[in-house]
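> Provided below for reference: sequence and predicted model.
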Amino acid sequence: MVKSTVENVGPTRVKLAVEVPFDELKPSLDAAYKAIAKQVRIPGFRPGKAPARIIDQRVGRAAVLEQAVNDALPRVYSEAVRESGVRALGQPEIEVTNLDDGQSLSFTAEVDVRPEITLPELKGIEVSVDDVAVTDAEVEEQLDALRERFASLTGVDRPAQTGDFVSLDLSAAVDGEEVEGGSAKGLSYEVGSEDLIDGLDAAITGKSAGDTATFTTTLRQGDHAGEQGDITATVNSVKQKELPGADDEFAQLASEFDTIDELRADLRERLIRAKSLSQGSQARDRLVEKLVESADFPVPESAVQAEVGYREHDVVHSLGHDDKLFEELLASQGKTREEFTAELRESAEKSVRAQFILDAIADAEQVTVADAELTEYLVRQAARYNMPPKDFANQIVEAGNLPALMSDVRRNKALASVLESATVTDASGNKVDLSSLPAPEPSSLAPIDEEDVTP
């Protein structure tokens, strides 16, 4: 029988000392002999049929023991973790301390563990959210956005200015040679949008139909990406955007209402509903902040580093793993790489703390996840990624992420339970009813879970 002892070597790290009777290694030894027998050719024996004593003579007992131990360690470590009740996080650091052939195997395993958390009183936590207030300016902003959708373009005989739409012919050249695929004709472009070529807006602002502008810029795509290129832009036409008037005629065109006042009232009501829903999200966020602030506990460094790595990968992946784009992102934010990493780490630690405390609440409340709840969650998350639910579920299962997703659902249920008993008021002191709050959105964080215990 496997024997193990647990020693605390840090606030969130333990060392397991494990002793394994040699009989426990027999299945792994047999498997090692079979595997090695298939790999070596021994005269007089068919592949895989050489007896153990012959393999010991030809290959060496030490090689067999090494393969057997490597095979047995994950299973034995997992058994020791279960029997000791250790809630391990991440991969352990394994060290074989003794291997007495025929007698026993001893090893140590250092691993991070979940912190012990003393939960605050969870009933009746007070949470404050913003008032639901809609200003006239916000209503007009929504009305203007609606008018933008019905805008028309009218040709003008004047130089182009910000907000105008121009028809352009573009061509690019490097060292006097035209770039293949670097030209376009009749391209419609909004002056000032700055979303096509660096330097284009400055070059064409003030140009009229028939004018040509040439400028130098860094090419972003193609075989010459990153090189300096000469861009020639010819303005074919200039059109200005004209919005329909904010009147009853527009209200009838753009909505089911007869008057502009009725349309404004509807826009106000929509804004009120949107802000009411945002109160729910705000209540959840501020409740989590309160829970984290109320519980002081050490956080395993490995969990923070894993979260930092997850977030860094998310940023880099969104930029196509382009270092230049990443540097441009930092420059646009006025940050150094060190400042970016420090902010990322601070945010990651807060997220890890939130996940740990929600897991502790779920344990204390004995929260479980039903199949129907997991299915509903999968469907909603699949919708976020515009994927069929079945395809998304298959992808989750194949990637081994189903346990993490279940943990996410469990945390959201734990948070909803605490929020249900919380006292939520707005900034004016009015009680806020969250009974009609929609289900929480799927988490965007990498869950902290007991990892596969394979060393």
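Yep, that arrived.
> can you find the helix or strand in this structure with the smallest mean pLDDT?
Taking mean pLDDT, DSSP states H and E as the measure, the chain has helix 52-58 as its least confident helix or strand, at a mean of 81.
> give me the contacts around that helix.
The contact list for helix 52-58 (Cβ atoms under 8 Å, 6 or more residues apart in numbering) reads 33, 36-37, 40, 42, 45, 50, 64. Heads up, the C-betas are built off the backbone N, CA and C, glycines and all.
> taking those, tell me the two that lie furthest apart.
The distance between the two most remote of the contacts of helix 52-58 (Cβ to Cβ) is 16.0 Å, for Phe45 and Val64.
> more neighbours: those two, which one.
Higher neighbour count among Phe45 and Val64: Val64, with 20 against 14, using other Cβ atoms under 10 Å.
> hang on, the more buried one is in a helix, isn't it?
Yes - counting by DSSP: H, G, I helix; E, B strand; the rest coil, Val64 is part of a helix.
> and the longest strand for the protein?
Longest strand in the chain, counting residues (DSSP state E): strand 228-242.
> nearest spatial neighbour of Phe250, skipping sequence neighbours?
Spatial nearest neighbour of Phe250, excluding adjacent residues (Cβ to Cβ, 6 or more residues apart in numbering): Pro244 at 4.7 Å.
> give me every residue that touches the one you found.
Going by Cβ under 8 Å, 6+ apart, Pro244 touches 147, 150-152, 250, 253.
> now do Asp391
Going by Cβ under 8 Å, 6+ apart, Asp391 touches Ala382.
> repeat that for Ala209.
Neighbouring residues of Ala209 by Cβ under 8 Å, 6+ apart: 157, 235-238.
> run the last query once more with 7 Å
Ala209 makes contact with 235-238, according to Cβ atoms under 7 Å, 6 or more residues apart in numbering.
> next one: Glu138
Contacts of Glu138 (Cβ under 7 Å, 6+ apart): Leu271.
> roughly how far is the longest helix belonging to the chain from the heart of the chain?
If you go by DSSP state H, the chain has its longest helix at helix 260-294. Put simply, helix 260-294 sits 24 Å off its chain's centre (Cα atoms, centre = their mean, to the nearest Å).
> domain boundaries for this protein, per the record?
Structural domains annotated on the chain: 3-113, 152-242, 278-426, as defined by automatic domain parsing.
> of all the ones you listed, which lies closest to Leu122?
Leu122 lies closest to domain 278-426 among the domains of the chain, at 5.2 Å (Cβ to Cβ).
> measure the closest one end to end?
Start-to-end span of domain 278-426 (Cα to Cα, to the nearest Å) is 12 Å.
> now do it: distance to the chain's middle.
7 Å.
> check stretch 24-40 too.
Relative to where its chain is centred, stretch 24-40 has its mean C-alpha point 42 Å off (Cα atoms, centre = their mean).
> repeat that for stretch 125-133.
28 Å.
> buried sites along that stretch?
Buried positions in stretch 125-133, judged by neighbour count with 16 or more other Cβ atoms under 10 Å: 125, 127, 129, 132.
> again, but for stretch 279-295
Residues of stretch 279-295 classed as buried by neighbour count (16+ other Cβ under 10 Å): 279-280, 282-284, 286-288, 290-292, 295.
> tell me where the model's unsure across the stretch 301-450 of the chain.
Scanning the stretch 301-450 of the chain for pLDDT under 70 picks out 436-450.
> which stretches in it count as strands?
423-426 (DSSP state E, counting those that start in this stretch).
> quick revisit: how about the contacts of Ala209, which pair is most distant?
Greatest spatial distance in the contacts of Ala209: Asn236 and Val238, 8.8 Å, computed using Cβ to Cβ.
> comparing those two, which shows the higher neighbour count?
Each of Asn236 and Val238 has its neighbours counted (other Cβ under 10 Å); Val238 has more, 23 against 15.
> without its sequence neighbours, what residue ends up closest to the more buried one?
Excluding the flanking residues, the one nearest Val238 by Cβ to Cβ, 6+ apart is Ala160, at 4.8 Å.
> residues touching that neighbour, list them.
166, 191, 204-207, 235, 238.
> and those, which of them are buried?
166, 191, 204-205, 207, 235, 238.
> restricted to helices, list these.
Reading helices off the buried ones among the contacts of Ala160 with DSSP H, I get Ile204.
> next, count neighbours for Ala225.
Look at Ala225: counted by other Cβ under 10 Å, it has 12 neighbours.
> wait, I meant Val76
Using other Cβ under 10 Å, Val76 has 23 neighbouring residues.
> could you dump the buried ones among the contacts of Ala160 into a markdown table and include pLDDT?
Shown next, in a markdown table, are those (pLDDT from 0 to 100):
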| residue | pLDDT |
| --- | --- |
| Val166 | 96 |
| Val191 | 95 |
| Ile204 | 95 |
| Thr205 | 95 |
| Lys207 | 95 |
| Val235 | 97 |
| Val238 | 97 |
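> from the buried ones among the contacts of Ala160, pick the one nearest Phe215.
Nearest member of the buried ones among the contacts of Ala160 to Phe215, counting by Cβ to Cβ, is Ile204, at 9.3 Å.
> these two touch, right, that closest one and Thr212?
No - with contacts counted by Cβ atoms under 7 Å, Ile204 stays clear of Thr212, the gap being 9.7 Å.
> joint contacts of these two?
With Cβ under 7 Å, 6+ apart as the test, Ile204 and Thr212 both reach Ala233.
> pLDDT wise, what is the residue nearest to Phe250 at?
On pLDDT, Pro244 comes in at 95.
> which SS class is it?
Three-state call for Pro244 (three-state DSSP): coil.
> check the one 5 residues further on too.
Using three-state DSSP, the three-state assignment for Glu249 comes out as helix.
> what distance do you get for it to Arg268?
Note on Glu249: its distance to Arg268, by Cβ to Cβ, to the nearest Å, is 21 Å.
> compare the two (neighbour count), which wins?
When Glu249 and Arg268 are compared for neighbours, Arg268 comes out ahead with 16 against 11, by other Cβ under 10 Å.
> the more buried one and Val139 touch, don't they?
Yes - contact criterion Cβ under 7 Å: Arg268 and Val139 qualify, at 5.1 Å.
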